[in-house]
Structure formats: C-alpha cells, structure tokens
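K.L.:
give me the fold of what follows.
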Amino acid sequence: MKFANTIVVSVAATCFALPLAVEPAAASSGPETVAGVAANACTGKPAKTIVKKYYRGPAVVPLRCGTSTWGYKHLVKRGRWSGNFSKKINTTIWSGTITVDQPGERTYERKFTGCPPRTLFKVVTNPGPYGRDPRIKPQGVVTAYKPASLASSAC
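P.N.:
Numbering: from 1, shown residues only. Predicted coordinates for the structure are as follows:
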C-alpha cells in the first residue's frame, strides 16, 4: 500500500507541477542541506559540531563548525561558503586526486589535464584528530579554495 501511495503522490505532483518532498522537514537527520547550513549553522555551537558530511566511497569527511582558522567558520569568514562551493568540495573529495596523504593532512585536488594542466579546486583535510582537542576525530575539512591561475605557457 505504501508503494501505491508513493505512485499516486508522484503522479499528482507531476500533473500539478508541485514539488515532491522526499521526507518531511521534521524527520531530517541534521543540517545536511546547503540551505540548512547557510543560515548561521554554527552560531553558539562548539567547534566539533558536524555541519555537513562529504564522502569518498565509504569514508566520511566531515565539515565541522571549526574556528576562524579551519572548518565552516573559516570558509564563511573568507567569504567562500555557498551552495556552489559546497558542490565543488563534494566533487573534489568524491572524485579528485589525493595529492598529499600524510599524518595530519590529506589534500584532494580536482585537476584539468588538458593544455596547460592545472588544478581547478583544492580541499585540505585532516583525517586524524584535531591537535588542540584530540576528541575531535577526524577533524575533517580544514580549508577549500580555487587556486590562483598562473600565467601559463602555450602548449
């Protein structure tokens, strides 16, 4: 019966051009949407609070509230946070190249392999505990940015 109700709701939403909600807002398991994150998600919350989760296969890379030097608060302070920026972080972590993988730092890069080759986006994470508070483990996203374009030579 649940399946039949889903089909009826889907057909009705299609016919009347209504948005189809997958789940009620009250049943949401946290601030996973960019809209939920954008509205001062970390006001009055500790640095360890997870704002958003990104995935690379089964591995989870959290974006925590952080401080002015790492995490969500750092990205907001630098004017970087937006829905599009979150998508770039997601794409880079999910399918980017790991260029640095050492204790305390894992860097993901999305690269353009054409001519000239260049890095399109970079996400620096810490897969280990945060140095000042080892209970925050993994620390997660430290920073993310689009590297500056360098004057390149012709190929």
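K.L.:
pull out the buried residues from stretch 50-64.
P.N.:
Neighbour-count burial for stretch 50-64, counted by 16 or more other Cβ atoms under 10 Å, picks out I50, V51, K52, Y54, R56, V61, P62, L63, R64. In this view, the C-beta of every residue, glycine as well, is placed from N, C-alpha and C.
K.L.:
tell me, how many residues neighbour K146?
P.N.:
Using other Cβ atoms under 10 Å, the number of residues around K146 comes to 13.
K.L.:
typo on my end, it should be V100
P.N.:
For V100, the number of neighbouring residues by other Cβ under 10 Å comes to 13.
K.L.:
three-state assignment of it?
P.N.:
Remark: V100 carries the secondary structure label strand [criterion: DSSP: H, G, I helix; E, B strand; the rest coil].
K.L.:
excluding its backbone neighbours, what's nearest it?
P.N.:
Leaving out its chain neighbours, the residue that sits closest to V100 by Cβ to Cβ, 6 or more residues apart in numbering is T107, at 3.9 Å.
K.L.:
checking the one you found next. Helix, strand or coil?
P.N.:
Under the three-state scheme (three-state DSSP), the conformation of T107 reads as strand.
K.L.:
and it, bridged to which residues?
P.N.:
V100, V124 (DSSP bridges).
K.L.:
ends of stretch 99-109, what's the gap?
P.N.:
Start to finish, the residues bounding stretch 99-109 are 7 Å apart (Cα to Cα, to the nearest Å).
K.L.:
my read: T125 touches E109, true?
P.N.:
No. Contact criterion Cβ atoms under 8 Å: T125 and E109 do not qualify, at 11.8 Å.
K.L.:
got a list of what K88 touches?
P.N.:
Neighbouring residues of K88 by Cβ atoms under 8 Å, 6 or more residues apart in numbering: R110, F121, A144, K146.
K.L.:
quick check: phi and psi on it?
P.N.:
Note on K88: backbone dihedrals following degrees, to the nearest 10 are phi -70, psi -40.
K.L.:
much appreciated, bye for now.
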